[in-house]
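Student: Make a model of this:
(one chain, ligands or ions: 1)
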Amino acid sequence: MASEYIKVVLKKGKEQSLKRFHPWVFSGAIKQINGKPDEGDIVAVYDIDGEFLALGHYQIGSISVRVFSFENIETGYAFWKQKLENAYNLRKVLGLAGTEHTNVYRLFHGEGDGMPGLIIDYYNGTAVMQTHSIGAYRMREVLTEILREIYGQQLKSVYDKSESTIPFKSAINARNGHFWGNTESEIVKEYGLNFEVNWVEGQKTGFFVDQRENRRLLQMYAAGRNVLNMFSYTGGFSVYALRGGAQMVHSVDSSEKAVELVNKNVALNFANANHEAFAVDAFSFLDGIKDKYNLIVLDPPAFAKHLNALSNALQGYKRLNQKAFEQIAPGGIVFTFSCSQVVTKENFRKSVFAAAANARRNVRILHQLVQPADHPVSIYHPEGEYLKGLVLYVD
Ligand code: SAH
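Tutor: Residues are numbered from 1 along each chain as shown. Have a look, this model is predicted:
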């Protein structure tokens, strides 16, 4: 209950966004804090007239409070369990939890599941937690207990991967490691395809779970095509293209390790695939391949992590897409993505538009893609929408 917690009082008028259920309180909105909360403590937020607004985790920084409840409730074990159970039940509704064909999915997606700062990906019996706030970080033990209760015998391990996501200025010296159990990698299944995922060594939580539906769409277009999968990482798009009957698939990633991974994952699924992987820079690979490919995937890392890098990022998307448009064979299809949260759908589209015009190709939009439903976006928190993509037909 709010009465147990330190009170954060907002300036007059600054309660409006909370009244519209936006889950962040910016430091500039705060009039006073009645006490000295530690980072990660639960605080109760009130308006200037003493009306209760929300409960959230306190942190030093531009976002001072991350809200997890707009109701004045008890926040014990049962409350957190309910949150995780709600998330799990949604994944069941989505046909992900408890199915045969897929055992990798995002179980918990921050604001989209009602708790900012917490990400949990499920990999066939291992839950990989990544906390982005001190409040979520301090809850790892309770969350582990709840996960064990929800999954029962199915759960083998809980791994915490918060080292690079906890603010370095905080007093916490986060280190990656197992919270419970000791699994390090697993062969997971996504729509019946096998992928080896190593959460200890891999990027993010080990796998780009968020491209599942887009990979499946690519499979539908792959038959008979010569496919180029740029920024291939674990090779998700490559493996789906092969299942879709591609004539040839080439994967490109600047990391040697990623090239090993895609080769392994192709071999896990197909005996004699017409596939080759190259450890080279994407931008240089795209020179001198005129008409060689008629399906190109561009899924680069986030070009902008902060708003001040936005204009460079947009230039980067333009340059990359222009190269692909210049090289792709007539009747080709481009799957192009941006996972930078600060790049809006409109900005991304404008960059791709400029790229198409510079390449002087006729380009039509076949599909507009987003992140999948296990990465839900709260309607009150549009900032949660980060992945966008376009499928383009190039005459
Ligand atoms: N498409 C992948 C995810 C891509 S992540 C999937 O579906 O799983 C981005 C990848 O781009 C990383 O593996 C990184 O090694 C690679 N990368 C970053 N810069 C690159 C560059 N200049 N050229 C080629 N690959 C690059």
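Student: State whether residue 65 is indeed within a helix.
Tutor: No: Residue 65 is assigned strand when assessed by DSSP: H, G, I helix; E, B strand; the rest coil, not a helix.
Student: residues in contact with residue 328?
Tutor: Contacts for residue 328 (C-beta atoms under 8 Å, 6 or more residues apart in numbering) come out as 291, 293-294, 296, 334, 361, 394. Quick note: C-beta positions are derived from backbone N, CA and C, even for glycine.
Student: again, 7 Å this time
Tutor: The contact partners of residue 328, taken as C-beta atoms under 7 Å, 6 or more residues apart in numbering, are 293-294, 296, 334, 394.
Student: a markdown table for those residues, including secondary structure?
Tutor: Conversion of the contacts of residue 328 to a markdown table gives the following (three-state DSSP):
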| residue | secondary structure |
| --- | --- |
| 293 | coil |
| 294 | coil |
| 296 | strand |
| 334 | strand |
| 394 | strand |
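Student: With respect to residue 370, which of the residues you listed is nearest?
Tutor: residue 334 (17.1 Å; C-beta to C-beta).
Student: Give me the neighbour count for the closest one.
Tutor: Using other C-beta atoms under 10 Å, residue 334 has 27 neighbouring residues.
Student: Also residue 7?
Tutor: 17.
Student: Helix, strand, or coil at residue 90?
Tutor: helix.
Student: what about the closest residue to it other than its chain neighbours, distance to the ligand?
Tutor: Excluding the flanking residues, the one nearest residue 90 by C-beta to C-beta, 6 or more residues apart in numbering is residue 376, at 7.2 Å. Residue 376 sits 20 Å away from the ligand, going by C-beta to the nearest ligand atom, to the nearest Å.
Student: swap in residue 206?
Tutor: Computed with C-beta to the nearest ligand atom, the distance linking residue 206 and the ligand is 10 Å.
Student: That residue and residue 198 touch, don't they?
Tutor: Yes: Residue 206 lies in contact with residue 198 (C-beta atoms under 7 Å); the separation is 5.9 Å.
Student: quick one: contacts for the residue nearest to the spatial centre of the chain?
Tutor: Nearest residue to the geometric centre of the chain (C-alpha atoms, centre = their mean): residue 210, 5.6 Å. The neighbours of residue 210, taking C-beta under 7 Å, 6+ apart as the test, are 371-372, 375, 387.
Student: What of residue 340?
Tutor: Taking C-beta under 7 Å, 6+ apart, we find residue 340 in contact with 302-304, 313.
Student: Take those and keep only those in strands.
Tutor: With DSSP state E as the criterion, strands contain none of the contacts of residue 340.
Student: among those, who's most crowded?
Tutor: Comparing the contacts of residue 340 by number of neighbours (other C-beta under 10 Å), residue 313 comes first, having 23 neighbours.
Student: How much space separates that residue from the ligand?
Tutor: For residue 313, the distance to the ligand equals 13 Å [C-beta to the nearest ligand atom].
Student: repeat for residue 173
Tutor: Going from residue 173 to the ligand by C-beta to the nearest ligand atom gives 27 Å.
Student: Kindly confirm my reading that the residue nearest to the centre of the chain is in a helix.
Tutor: Yes: assigned with three-state DSSP, residue 210 falls within a helix.
Student: Which residue comes closest to it once chain neighbours are left out?
Tutor: Excluding its sequence neighbours, the residue lying closest to residue 210 (C-beta to C-beta, 6+ apart) is residue 371, at 5.0 Å.
Student: Residue numbers of this structure in contact with the ligand?
Tutor: Within the chain, the positions near the ligand by C-beta under 6 Å from any ligand atom are 208, 211, 231-234, 236-237, 252-255, 258, 281-283, 299-301.
Student: And those residues, which of them are buried?
Tutor: 208, 211, 231-234, 236-237, 252-254, 258, 282, 299-300 (16 or more other C-beta atoms under 10 Å).
Student: Identify the farthest-apart pair in those.
Tutor: Once C-beta to C-beta is applied, these give 211 and 254 as the farthest pair, at 18.4 Å.
Student: Please report how far residue 321 lies from the ligand.
Tutor: Applying C-beta to the nearest ligand atom, the value for residue 321 to the ligand is 14 Å.
Student: Sorry, wrong one. I was asking about residue 17.
Tutor: Taken as C-beta to the nearest ligand atom, the span from residue 17 to the ligand is 33 Å.
Student: Neighbours of that residue, how many?
Tutor: Neighbour count of residue 17, defined by other C-beta under 10 Å: 16.
Student: Quickly list what residue 369 is bridged to.
Tutor: When bridges are called by DSSP bridges, residue 369 pairs up with residue 389.
Student: Can you read off the pLDDT for it?
Tutor: We have a pLDDT of 98 for residue 369.
Student: Surely it is in contact with residue 392?
Tutor: No: Residue 369 is not in contact with residue 392 according to C-beta under 7 Å; the separation is 11.0 Å.
Student: what about these two, which has more around it?
Tutor: Ranked by neighbour count (other C-beta under 10 Å), residue 369 and residue 392 place residue 392 first, with 23 against 17.
Student: what's the helix or strand containing the more buried one packed up against?
Tutor: Element membership for residue 392 (DSSP states H and E) is strand 388-394. When contacts are defined as 3 or more C-beta pairs under 7 Å, 6 or more residues apart in numbering; DSSP states H and E, strand 388-394 packs onto strand 332-338, helix 345-359, strand 363-370.
Student: Can you tell me which of these is packed in deepest?
Tutor: Compared across the helices and strands packed on strand 388-394, strand 332-338 shows the largest average neighbour count, a mean of 25 (mean count of other C-beta atoms under 10 Å).
Student: What strands line up against that strand, and which way round?
Tutor: Sheet pairing of strand 332-338 (DSSP bridges) gives strand 295-298 (parallel), strand 388-394 (antiparallel).
Student: Export those to a markdown table and append columns for distance to residue 156.
Tutor: Listed next are the strands paired with strand 332-338 as a markdown table, based on distance: least, C-beta to C-beta, whole Å:
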| stretch | distance to residue 156 |
| --- | --- |
| strand 295-298 | 33 |
| strand 388-394 | 33 |
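Student: Of these, flag the one that's most buried.
Tutor: Stretch with highest mean neighbour count among those: strand 295-298 (a mean of 27; mean count of other C-beta under 10 Å).
Student: All good on my end, thank you.
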